[in-house]
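**Q** Turn this into a model:
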Amino acid sequence: IPGCVVKTIAPWYPQNAQNDIIVILLDSESVEQLYEWNVFKANEWPVLYGDHADIITRIIKYRPRAVLVDIYFKRRRVTDKSYSEFFRRIATTQRAYQNKTRLYFGGGSADELTNNQTLMQQDLDRLADLTVIGWNTNQNGYPLQISTSAEGEDRHLNHEYRTTAAWDLYAEACLSEKLPLRGCSQAILEAPTQEPLSVRWGFYPPQTMYSEHAFNECHTPRGVLSEFFVNLAEGLLKDLVDFTEQNKCTFHQSLTASQFIHIDKIDKDSDAKLQKLLNDKIVIYATRFQGLGDIVESPVHGYVPGAFLHAMALDNLMNYGDRYIRSENDRSVFISLCAWLVVSVVISFIVFIRDRHGYTETFCVDEEEGFFKKLNRAYKDKQSELGLIKRLTSVFPSAMIFFATAILIPTISLGMFLWLHYEPINSLGFLGLSTLIVMMIQNQRIVKLADRLIAVLGWISIKMSIAAQKLSSTKDTEPSVHEVTTNERKSADR
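**A** Residues are numbered from 1 along each chain as shown. I've put the predicted structure just below:
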């Protein structure tokens, strides 16, 4: 969905599944603090495998329904001696808690997981499940499944697909043998589709369970209508005005790794809250380090770690199920073209009325009169044989073109969004194009140029028709090859 639209409708995004998804982020400050607390054995990046295992096992202890480790483990680092410890500690913890938690590791692209797994990825696949967390940047929206064909191969010949992280987590949250989580919609999506998800971003942050760990720099939301108009203005003017003076909190509950360890290890009074926060929930463990590039742009929150994209895609699926908003595809493009066809017909009809009836000249409407005088004269002219719409169209063709476009395009967009579940067409682009057409209609030079072009095309068509007539008459007068052959045979017989 265009960023302006997502930002504008964000205050109306439902919060049903908001508390079912938690993000735990490991950043530079957390690494330093955890090293000082003797939790980590190293204080720099890359983090040791054993230190990652410490956080993952602590998360599993609270029995979440599923954990996504959104960290790309590809090749074993020979300098890290805690590789075996990483697998041993996680496997031991899973057995101790009876494998209640479904564990997923981010494994890169679909082709890589199917055809080009490294030795470390094979070890991870035996320990847990690998899921797709990366795909071609040209992909529209968030895909639910991706073909395992390699780049450049004919994807129609390979019908094998790998599901992505959001779908795998959705299956655990809403389709597993356990009871669906509270945020799951009744409109269940039974199987992944090939139509990518167009991610809607939520706006209002969750109520933090730990006031001492609240992000004080976050922006406090206003009322729904206030945020609607503010977001609309920011979405329209984001390229002209810098709106970074206030940071908006992310939609889902998030803790840094140091905050999580502090509550788990030091602040035992808050342990019950942590149990309530994580038990039977979906947890995403990811990193936030400068220079790694795992950053996405949210129309609502600005640049955020990529883990929040997986969280919002999962939230969309839980809220909407099979009614999730589809990203742009061939069908939505066809609908957009049909919408422009309708607008073109309306514009042509308005121009036809203006040229056909000439209300401005026939009824002596002074061109120098003000807008409201023209409107009053056209509205009260009861002697005219034309209807009110035709009178207004004749006097104000440009205004009627823009007005008709401003009604038709948002109406079509709303229909696509609410009933067809597709992201709306580019309404601002259509309005801008209609404005350009209005300016061209009002420009006398362009009108004269168009008249000349039409005259030239008419002259060319006349010349072509005359040439075609001459060619057909020549063919009618000349005898055919069959006739000539027949006459020669007759002469030879004689």
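
**Q** Strands of the protein, start to end?
**A** 21-27, 66-70, 102-106, 129-131, 145-147, 161-163, 218-219, 247-248, 253-256, 282-288, 295-298, 302-305 (DSSP state E).

**Q** can you redo those strands as CSV with mean neighbour count?
**A** (C-beta placed from N, C-alpha, C; glycine too.) Converted to CSV, the strands of the chain look like this (neighbours: other CB atoms under 10 Å):
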stretch, mean neighbour count
strand 21-27, 23
strand 66-70, 25
strand 102-106, 22
strand 129-131, 20
strand 145-147, 21
strand 161-163, 20
strand 218-219, 14
strand 247-248, 16
strand 253-256, 23
strand 282-288, 24
strand 295-298, 15
strand 302-305, 16
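
**Q** If I average pLDDT within each of those strands, which one is lowest?
**A** Note on those: strand 218-219 shows the lowest mean pLDDT, a mean of 55.

**Q** wait, which of the strands of the chain is closest to residue 45?
**A** Among those, the nearest to residue 45 by CB to CB is strand 282-288 (8.6 Å).

**Q** residues making contact with that closest one?
**A** Under the contact criterion CB atoms under 8 Å, 6 or more residues apart in numbering, strand 282-288 has outside partners 20-27, 47, 55-56, 59, 64-71, 169, 172-173, 181, 294, 305-307, 310-311, 314.

**Q** give me that answer again for 7 Å
**A** 20-27, 55-56, 59, 64-71, 169, 173, 305, 307, 310-311, 314 (CB atoms under 7 Å, 6 or more residues apart in numbering).

**Q** coming back round to it: select, out of the strands of the chain, the one closest to residue 37.
**A** Here strand 253-256 is closest among the strands of the chain (CB to CB), at 13.2 Å.

**Q** follow-up on the earlier one: out of the strands of the chain, the one nearest residue 327 is which?
**A** Taking the strands of the chain one by one with CB to CB, strand 145-147 is closest: 13.5 Å.

**Q** List the strands paired with that closest one, with their directions.
**A** Applying DSSP bridges to the sheet, strand 145-147 is found paired with strand 161-163 (antiparallel).

**Q** Identify all contacting residues around the strand it pairs with.
**A** For strand 161-163, the surrounding residues in contact (CB under 7 Å, 6+ apart) are 110, 113, 114, 131, 132, 144, 145, 146, 147, 148, 192.

**Q** Widest-spaced pair of these?
**A** Taking CB to CB, no two of those sit farther apart than 114 and 144, at 16.5 Å.

**Q** Show me which of the two is the more surrounded one.
**A** When residue 114 and residue 144 are compared for neighbours, residue 144 comes out ahead with 24 against 20, by other CB atoms under 10 Å.

**Q** coming back round to it: using CSV, please lay out the contacts of strand 161-163 together with distance to residue 254.
**A** Shown next, in CSV, are the contacts of strand 161-163 (distance: CB to CB, whole Å):
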residue, distance to residue 254
110, 28
113, 27
114, 32
131, 20
132, 23
144, 24
145, 27
146, 27
147, 33
148, 32
192, 27
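
**Q** How many residues are close by residue 84?
**A** That count, for residue 84 with other CB under 10 Å as the rule, works out to 11.

**Q** gap between it and residue 124?
**A** Residue 84 is 13 Å from residue 124, where distance means CB to CB, to the nearest Å.

**Q** Residue 455 too?
**A** For residue 455, the distance to residue 124 - CB to CB - is 73 Å.

**Q** Relative to residue 164, which of the contacts of strand 161-163 is nearest.
**A** Ranked by distance to residue 164 (CB to CB), the contacts of strand 161-163 are led by residue 132 at 4.5 Å.

**Q** The closest one touches residue 112, doesn't it?
**A** No - Residue 132 is not in contact with residue 112 according to CB atoms under 7 Å; the separation is 8.8 Å.

**Q** higher neighbour count, these two?
**A** residue 132 (27 against 19).

**Q** Let me see the contact set for the more buried one.
**A** Contacts of residue 132 by CB under 7 Å, 6+ apart are 107, 109, 110, 113, 146, 162, 163, 164, 165.

**Q** 6 Å instead, please
**A** 110, 146, 162, 164 (CB atoms under 6 Å, 6 or more residues apart in numbering).

**Q** Then residue 198?
**A** With CB under 6 Å, 6+ apart, residue 198 has these contacts: 1, 141, 325, 327, 423.

**Q** From the structure, what's the count of residues near the second one?
**A** Other residues within reach of residue 141 by the criterion other CB under 10 Å amount to 19.

**Q** Give me the nearest residue to it, chain neighbours excluded.
**A** When the adjacent residues along the chain are set aside, residue 141 lies closest to residue 327, with 2.7 Å between them (CB to CB, 6 or more residues apart in numbering).

**Q** residues touching that neighbour, list them.
**A** Taking CB under 6 Å, 6+ apart as the test, what residue 327 contacts is 140, 141, 196, 198.

**Q** Quickly note the distance from the third one to residue 315.
**A** Spelled out, it's residue 196. Going from residue 196 to residue 315 by CB to CB gives 16 Å.

**Q** So if I had to pick from these two, which one is more boxed in?
**A** residue 315 (30 against 22).

**Q** Find the nearest non-adjacent residue to the more buried one, please.
**A** Leaving aside its chain neighbours, residue 315 sits nearest to residue 17 (5.0 Å; criterion: CB to CB, 6+ apart).

**Q** how about the one you found, what does it touch?
**A** Per CB under 6 Å, 6+ apart, neighbours of residue 17: 183, 315, 318, 319.

**Q** Count the neighbours of the last one for me.
**A** Number of residues near residue 319 (other CB under 10 Å) recorded here: 21.

**Q** How about the contacts made by it?
**A** 14, 16, 17, 185.

**Q** give me every residue that touches residue 167.
**A** 144, 192.

**Q** that older thread, in CSV: the strands of the chain, plus distance to residue 91.
**A** Shown next, in CSV, are the strands of the chain (distance: least, CB to CB, whole Å):
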stretch, distance to residue 91
strand 21-27, 21
strand 66-70, 14
strand 102-106, 10
strand 129-131, 14
strand 145-147, 29
strand 161-163, 24
strand 218-219, 38
strand 247-248, 40
strand 253-256, 25
strand 282-288, 17
strand 295-298, 32
strand 302-305, 28
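
**Q** Residue 42: which of those is closest?
**A** Using CB to CB, the nearest of these to residue 42 is strand 21-27, at 12.5 Å.

**Q** strands paired with that closest one, and their directions?
**A** By DSSP bridges, strand 21-27 pairs with strand 253-256 (parallel), strand 282-288 (parallel).

**Q** low-scoring stretches of the stretch 101-250 of the chain, by residue?
**A** Where the stretch 101-250 of the chain drops to pLDDT under 70, the residues are 137-139, 149-159, 209-248.

**Q** Could you pull out the helices in it for me?
**A** Counting by DSSP state H, counting those that start in this stretch, one finds helices in the stretch 101-250 of the chain at the ranges 110-115, 119-127, 165-170, 224-237.

**Q** can you redo the contacts of residue 327 as JSON lines with distance to residue 470?
**A** Shown next, in JSON lines, are these (distance: CB to CB, whole Å):
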{"residue": "140", "distance to residue 470": "54"}
{"residue": "141", "distance to residue 470": "58"}
{"residue": "196", "distance to residue 470": "58"}
{"residue": "198", "distance to residue 470": "59"}
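
**Q** what's the closest of the contacts of strand 161-163 to residue 78?
**A** residue 113 (23.3 Å).

**Q** Give me the neighbour count for the closest residue to the closest one other than its chain neighbours.
**A** Leaving aside its sequence neighbours, residue 113 sits nearest to residue 107 (CB to CB, 6+ apart; 4.6 Å). Residue 107 is flanked by 25 other residues according to other CB under 10 Å.

**Q** Check residue 63 too.
**A** 15.
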